[in-house]
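Q: have a look; sequence and predicted model below, questions after that.
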Amino acid sequence: MQPGRSCPLDYRYSPQVLARTPDFHASTLYVIGGLYGNVPALEAVCTLAAAEPAPVTLAFNGDFNWFNIGDTDFRAINTQVLQHYALRGNVETEIANNDPSAGCGCGYPDEVSTEEVERSNAIILQLRDAARRHADLRARLSALPMHLVADVGGLRVAIVHGDLESLAGWSLSAATLSRDNSKNIIKKQLVMSQCRLVASSHTCLPVALAFDTEAGRCAIFNNGAAGMPNFRGTSFGLVTRIATTPSHAHPALYGAQIEGVFIDAIAVNYDKLRWHRDFLQAWPRGSSAYLSYHERITAGPAYGVAQAARL
């Protein structure tokens, strides 16, 4: 198996591990996945939270590192993120260890090209070199959990990076959730987890899906990326807002409601010119990250809001 496509055994867990006492309670929760080392996006998330009428709990569900190979940005991202709830994505897992066998640990499906996988493996090597220069932060990344459980207004929320069985799982991707049998499998996993909402990331493209189960109305909110555009012709990231009150401070692109709890996709309008400059300084034309991500960063992916909102 090509590194980058494989999913290490220690990435795996049972949905039953989520059927535990919540790790924390919140009345307003932002779940921030796929920051990808974008410092302006992190600042924009904090600005969004500060504008809320009530205190906001921040939970970063992995891959907050990726493009931040410079020492200043690596330290800035991790020092701030680690002040909040956080779990490790495949990126944090792989830069915190010295075993190259998993590559980037992305667990890419077959439809992702070999060239794309190889470039991701090259990115992780450079980012791991950066992490080695910050041993204190690297040790803290290694100690992060793979999942969290939150209680928001009595609603149990599973916060994962990939899916309900693997840190690098793709079963909550937009493509997989389009398959006929996918919801039946996830319904069973939700019952095992005793959670009604799953907040995930990892697969880069956002998707929100709501459906009925024997436990009641449930939903999946994959925020795609907080640090990159998620839709064609846009320049903002996304976070998932979960709260006991509607999102009056920030308009929602789409959302759902379960048992009086509001779940919304909120835009992260970061300073795109500054981010483009930062990205190109670290990853000039022809570099692995440039080849894989520059078009998305400047123009967004070939994906629209209507494709994400399946509510």
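A: That came through fine.
Q: okay, CA-based contacts and neighbour counts for the rest of this
A: Fine.
Q: correct me, but Thr213 touches Lys187?
A: Yes: between Thr213 and Lys187 a contact is recorded at 6.3 Å, counting by Cα atoms under 8 Å.
Q: which parts of the stretch 101-250 of the chain are helices?
A: 114-132, 135-142, 182-193 (DSSP state H, counting those that start in this stretch).
Q: now Leu205: phi and psi?
A: phi -100, psi 140 (degrees, to the nearest 10).
Q: start the count at 30, not 1, going forward
A: Sure, I'll start numbering at 30, so the last one becomes Leu234.
Q: skipping its backbone neighbours, what lies nearest it in space?
A: Gly253 (4.3 Å; Cα to Cα, 6 or more residues apart in numbering).
Q: host element of Leu309?
A: Element membership for Leu309, per DSSP states H and E: helix 301-311.
Q: tabulate the CA atom coordinates of that helix in PDB.
A: This file holds the C-alpha atoms of helix 301-311, laid out as PDB (Å, rounded to 0.1, in the frame of the first residue of the first chain):
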ATOM      1  CA  LYS A 301      -6.900  36.500   1.600                       C
ATOM      2  CA  LEU A 302      -4.100  38.700   0.200                       C
ATOM      3  CA  ARG A 303      -2.000  38.200   3.300                       C
ATOM      4  CA  TRP A 304      -2.700  34.500   3.200                       C
ATOM      5  CA  HIS A 305      -1.700  34.300  -0.500                       C
ATOM      6  CA  ARG A 306       1.500  36.100   0.300                       C
ATOM      7  CA  ASP A 307       2.300  33.800   3.300                       C
ATOM      8  CA  PHE A 308       1.500  30.700   1.200                       C
ATOM      9  CA  LEU A 309       3.700  31.700  -1.700                       C
ATOM     10  CA  GLN A 310       6.600  32.600   0.600                       C
ATOM     11  CA  ALA A 311       6.600  29.100   2.100                       C
END
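Q: check the offset of it from the chain's centre.
A: Relative to its parent chain, helix 301-311 has a centroid offset of 21 Å by Cα atoms, centre = their mean, to the nearest Å.
Q: what mean pLDDT does it get?
A: Regarding helix 301-311, the rounded mean pLDDT is 98.
Q: mind saving the C-alpha coords of the worst-scoring helix or strand of the chain on mean pLDDT as CSV?
A: Least confident helix or strand, the chain: helix 211-222 with a mean of 92, by mean pLDDT, DSSP states H and E. What follows is helix 211-222, C-alpha atoms only, in CSV (Å, rounded to 0.1, in the frame of the first residue of the first chain):
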residue,chain,number,x,y,z
SER,A,211,-23.8,5.1,3.5
LYS,A,212,-26.5,6.5,5.8
ASN,A,213,-27.5,3.0,7.1
ILE,A,214,-23.9,2.3,8.2
ILE,A,215,-23.6,5.7,9.9
LYS,A,216,-27.0,5.4,11.6
LYS,A,217,-25.7,2.2,13.3
GLN,A,218,-22.5,3.9,14.3
LEU,A,219,-24.4,6.9,15.8
VAL,A,220,-26.5,4.5,17.9
MET,A,221,-23.3,2.9,19.2
SER,A,222,-21.8,6.3,20.0
